[in-house]
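**Student:** Let me see the structure of the following:
(4 chains)
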There are 4 protein chains.
Amino acid sequence: MNEPIGKICWAIAEGYIPAYSNGPEPQFTSHETVCILNANDRDARIEMTIFYTDRDPVGPYRLLVPARRTSHIRFNDLQDPEPIPLDTDFASVIHSDVPIVVQHTRLDSRQSENALLSTIAYASH
Amino acid sequence: MNEPIGKICWAIAEGYIPAYSNGPEPQFTSHETVCILNANDRDARIEMTIFYTDRDPVGPYRLLVPARRTSHIRFNDLQDPEPIPLDTDFASVIHSDVPIVVQHTRLDSRQSENALLSTIAYASH
Amino acid sequence: MNEPIGKICWAIAEGYIPAYSNGPEPQFTSHETVCILNANDRDARIEMTIFYTDRDPVGPYRLLVPARRTSHIRFNDLQDPEPIPLDTDFASVIHSDVPIVVQHTRLDSRQSENALLSTIAYASH
Amino acid sequence: MNEPIGKICWAIAEGYIPAYSNGPEPQFTSHETVCILNANDRDARIEMTIFYTDRDPVGPYRLLVPARRTSHIRFNDLQDPEPIPLDTDFASVIHSDVPIVVQHTRLDSRQSENALLSTIAYASH
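**Tutor:** Below you'll find the predicted structure:
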């Protein structure tokens, strides 16, 4: 694990937080998650920018993923500079100062049974 | 974000619009979506070609994704040169004049509960 | 579309055909699909090998995807040299004589509502 | 199949084993799976490290995937050096001494109908 794993720039073209949920919270709250793995020996200072359909991008959202840790961040929980509106299409670009790996997952619990999706983000450079 | 993010040619080998839906429209209409992120400072002029199992490809479908915007396009909504038939296998190739990122998502609401899938498209060049 | 799109060798590490189904056939039969896009002007002659957990690989399964066509092949339908057993883990390697794009999808209808998964295959070379 | 297929280092940024299940075991037990394909003529000696949110990584978990075999390993079944706790976010890094292909799948059967996700792992080097 001495060789760095990952890239410093990632993009997720799809983003959508359902407007409502079914089932016990917080596990079954509808959510959109960005999973970040920092397998390095140095903390990762991360800046995320959110892109929308009809207005300027918002960001940076600043995150820190400590060395040799993973962080599964719910887009629902982002507050600064502003929360991401529900039921709205968005996309995200993630920059880090050290290589990381990024995966994207959604739990959609709007109906009585869950739907899940997950995909590796686009590793840019 | 000065360095361009993405590729100019993408392919999605899987495409299928279910023939019917369950649940309130339009959020729960069965649909197949191509999510495009244009993180550049220039508009992206996009041409999409649809490939079928047993007839010639159809296209180009022309789309514009403005600079620094994302666009989540339902294949159901494509009309020109012709709508994509329901309950029919297809694939798509997406060319852009600037680098973009493409992701593919389906909401299948034929049965009473939804199923979701998503995957990054194939980044060709 | 003059530049070839895709790779000539792909791998799918996951394969599994559920042993039973719920819902009207054939759309709701549980199935595992390999979606192949041949965006070239030449037919693609494809050889697929199936790998198992505890016995030697089986193949080649020979497929032809015509020029400028897509083919969504159900693993359930492969017969020669032998059908793939149900409820059994497998993996697949796909070689083509021209560049193709490969995506992997499963519809699992064992329970009353469907579950879907899809992912881009691994593009080797 | 003489040319090696795959990479020797892979990462999965997302991991989560649901805490409970619905449906007949073992097929419908909620599980998180890493699917490994070793298409080589040599056995693959694999070391997996599990990363957590708030404590040091654990590993290596040692696995052997024989030559020309696939192995679909449930994270639930890993015991040595320690089991992975349920209902806990994790990530994984997989090193092999020969090229392999890695895919990640979850069956979530906490509610009465299943949800499935799958994605190709990140191929590092």
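
**Student:** What distance do you get for the residue nearest the centre of chain A to chain B?
**Tutor:** Compute the mean C-alpha point of chain A, and by CA atoms, centre = their mean the closest residue is A:V34, 2.4 Å away. With distances taken as CB to the nearest CB, to the nearest Å, A:V34 is found 13 Å from chain B. Just so you know, the C-beta spots here come from the backbone N, C-alpha and C atoms, and that holds for glycine as well.

**Student:** cool, A:Y61 as well?
**Tutor:** Separation of A:Y61 from chain B (CB to the nearest CB): 14 Å.

**Student:** List the buried residues in the helix or strand encompassing that residue.
**Tutor:** According to DSSP states H and E, A:Y61 maps onto strand A:58-65. Using 16 or more other CB atoms under 10 Å in any protein chain shown as the test for burial, strand A:58-65 gives A:V58, A:G59, A:P60, A:Y61, A:L63, A:V65.

**Student:** Ramachandran angles for the residue nearest to the first one when sequence neighbours are not counted?
**Tutor:** Once its chain neighbours are removed from consideration, A:V58 has its nearest residue in A:I50; the separation is 4.9 Å (CB to CB, 6 or more residues apart in numbering or on different chains). Torsion angles at A:I50 (phi, psi; degrees, to the nearest 10) stand at phi -100, psi 130.

**Student:** Just checking, which helix or strand of chain A averages the lowest pLDDT?
**Tutor:** strand A:115-120 (a mean of 56; mean pLDDT, DSSP states H and E).

**Student:** Look up how far D:I8 lies from A:P99.
**Tutor:** Per CB to CB, to the nearest Å, A:P99 is found 17 Å from D:I8.

**Student:** What's opposite A:F51 in the beta bridge?
**Tutor:** With DSSP bridges as the criterion, A:F51 is bridged to A:A91.

**Student:** Local confidence estimate at it?
**Tutor:** With respect to pLDDT, A:F51 has a value of 96.

**Student:** Now do the same contact list for it.
**Tutor:** A:P57, A:F90, A:A91, A:S92, A:V93, B:L37, B:A39, B:R68, B:R69, B:T70 (CB atoms under 8 Å, 6 or more residues apart in numbering or on different chains).

**Student:** B:T70 is in contact with the second one, correct?
**Tutor:** It stands for A:F90. Yes. Counting by CB atoms under 8 Å, B:T70 is a contact partner of A:F90 at 6.4 Å.

**Student:** Quick check: neighbours shared by the two?
**Tutor:** Contact criterion CB under 8 Å, 6+ apart; residues shared by A:F90 and B:T70: A:G15, A:F51, A:Y52, A:T53.

**Student:** Out of the residues you listed, which is nearest to chain B?
**Tutor:** Chain B lies nearest to A:F51 out of these, by CB to the nearest CB, at 4.5 Å.

**Student:** For that closest one, give its distance to B:P4.
**Tutor:** Noted for A:F51: a distance of 14 Å to B:P4, by CB to CB.

**Student:** Tell me where chain A is predicted with low confidence.
**Tutor:** A:1-2, A:20-31, A:106-121, A:123-125 (pLDDT under 70).

**Student:** Understood, closing this out.
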